[in-house]
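Asks: Sequence and predicted structure are below.
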Amino acid sequence: MPTLKTATPFYVRLAMVLVSLIALFYIAILGKEILSPMIFGLLFAILILPLASFFERRLRLPRSAAAALSVITLLLSIAGIFYLVGSQISDLSDDWPQFKHQINTSLSSLQHWISVKFHVNTHQQMNYVNNAASKLLMEGTGTSVIGATVHSVSSLLLFVVFIIIDTFFLIYYRRLIIKFLVAVFREENSMMVYEIIARVQFIIRKYILGLLLEMAIVAAASCLALWILGVKYAILLGLLIGLFNVVPYIGIITAMMLTALITFATAAATGKILVVCGTILGIHLLDSNLLLPMIVGSKVRINALITIMAVIVGGSVWGIVGTFLAIPIIAVTKIVFDRIDSLKPWGLLLGDERDEEQPPPLASEIERQDPKNPTPESSSNPVS
């Protein structure tokens, strides 16, 4: 009888990878309402786990009380941030008549420009706008709009409640979850599982704390810069720039457009809008090239191509929630890939080329332990 080859052909492995990716995305789309709050709860649980451990060990609180107190502390911190932003937005609403007048003036100027350049008078322009508005109203009635609004608000409230519940139970049952993850794999792989769990906790916690510190610095710098430029509502706009900066690339563009819109509504000076946009872009460049490597560091370095693709795919699969969760999910995925031999090429694809550079102390240590190995200087580098 002919012997079967143990090596799997490449096209079979490629088909398995493609089918697995399709299955994962299909499950992610179907399980959005369950998976997205659970992942948020996991991130929050990792973030406040040291606080829960402090309550258990130092204050001698039961695990349930420590978990509940940690979650309440997290909620109060988030509520404080939203209260600060909300108080600034309430001040913004006081100037709504000024915004309305500025928008009407701008629309009148635009209509005059269109009538001069394209020979379409104001009456024809208004008829076109009214017809478009009528079509929109025919497609969706006022009742459906109100129903959609109520549904969105209720979904958001349920989403927040599920995040709180998941965070509490993930902290409360953390030891049971770790035992389960270790028991799923073979006994000889238990140390690797423990290492991956510990590494994920360390990296994600440092990543989130570094991101929060970076967000605070960007918000403070933006508030100061906009205040110096004399932009109205500089504190509100600076806070929004810091919050939107959490989403890579897309967030800073959204914040810049929003800032330009509010600056135009309050100042109506084209030169000032350009200066404000240039200032925000300069802050973003300093943040990307100086603050981000210094504060967040190389905890998990993901190349820019994978970062952009992750944000786009996350947004297309889970919407706004996906844009926030894309980078942490890719970071955890890279940690797992880097510690499994068969998945290391995928971890290499997610990482940056700088990850492959061996630091000099490690190279000298390897040379000292095994003198038979050639030194990095004498060995040929096929890449170069």
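Replies: Great, that's in hand.
Asks: got the contact list for stretch 225-237?
Replies: 85, 88-89, 91-92, 95, 222-223, 238, 255, 258-259, 262-263, 266-267, 272, 275-276, 279, 283 (Cβ atoms under 8 Å, 6 or more residues apart in numbering). In this view, the C-beta of every residue, glycine as well, is placed from N, C-alpha and C.
Asks: Show me which of the residues you listed are buried.
Replies: With burial judged by 16 or more other Cβ atoms under 10 Å, the buried subset of these is 88, 92, 222-223, 238, 255, 259, 262-263, 266-267, 272, 276, 279, 283.
Asks: Least confident of these?
Replies: Minimum pLDDT for the buried ones among the contacts of stretch 225-237 is recorded at Ala267 (65).
Asks: What helix or strand is the residue most central in space within the chain located in?
Replies: Per Cα atoms, centre = their mean, the C-alpha nearest to the average position across the chain is that of Phe324, at 2.8 Å. Per DSSP states H and E: Phe324 is located in helix 320-338.
Asks: pLDDT of that helix, averaged?
Replies: For helix 320-338, the per-residue pLDDT averages 83.
Asks: May I see the buried residues of it?
Replies: Of all the residues in helix 320-338, those buried under the rule 16+ other Cβ under 10 Å are 321-328, 330-335, 337-338.
Asks: coming back round to it: if you look at the contacts of stretch 225-237, which of them are in helices?
Replies: Among the contacts of stretch 225-237, the residues falling in helices (DSSP state H) are 85, 88-89, 91-92, 222-223, 238, 255, 258-259, 262-263, 266, 272, 275-276, 279, 283.
Asks: what about Leu42, how many neighbours?
Replies: 20 (other Cβ atoms under 10 Å).
Asks: Tell me which two in the buried ones among the contacts of stretch 225-237 are the farthest apart.
Replies: Leu92 and Ile283 (21.3 Å; Cβ to Cβ).
Asks: May I have the helix holding Phe324 as PDB, with CA atoms only?
Replies: Extracted in PDB, the C-alpha atoms of helix 320-338 (Å, rounded to 0.1, in the frame of the first residue of the first chain):
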ATOM      1  CA  ILE A 320     -17.500  52.800  15.400                       C
ATOM      2  CA  VAL A 321     -17.000  50.100  18.000                       C
ATOM      3  CA  GLY A 322     -14.800  48.200  15.600                       C
ATOM      4  CA  THR A 323     -12.500  51.200  15.000                       C
ATOM      5  CA  PHE A 324     -11.800  51.400  18.800                       C
ATOM      6  CA  LEU A 325     -11.200  47.600  19.200                       C
ATOM      7  CA  ALA A 326      -9.200  47.000  16.100                       C
ATOM      8  CA  ILE A 327      -5.800  47.900  17.500                       C
ATOM      9  CA  PRO A 328      -6.100  46.000  20.800                       C
ATOM     10  CA  ILE A 329      -7.400  42.900  19.000                       C
ATOM     11  CA  ILE A 330      -4.500  43.000  16.500                       C
ATOM     12  CA  ALA A 331      -2.100  43.500  19.500                       C
ATOM     13  CA  VAL A 332      -3.400  40.400  21.300                       C
ATOM     14  CA  THR A 333      -3.300  38.400  18.000                       C
ATOM     15  CA  LYS A 334       0.300  39.400  17.500                       C
ATOM     16  CA  ILE A 335       1.300  38.300  21.000                       C
ATOM     17  CA  VAL A 336      -0.300  34.900  20.400                       C
ATOM     18  CA  PHE A 337       1.200  34.500  16.900                       C
ATOM     19  CA  ASP A 338       4.800  35.400  18.100                       C
END
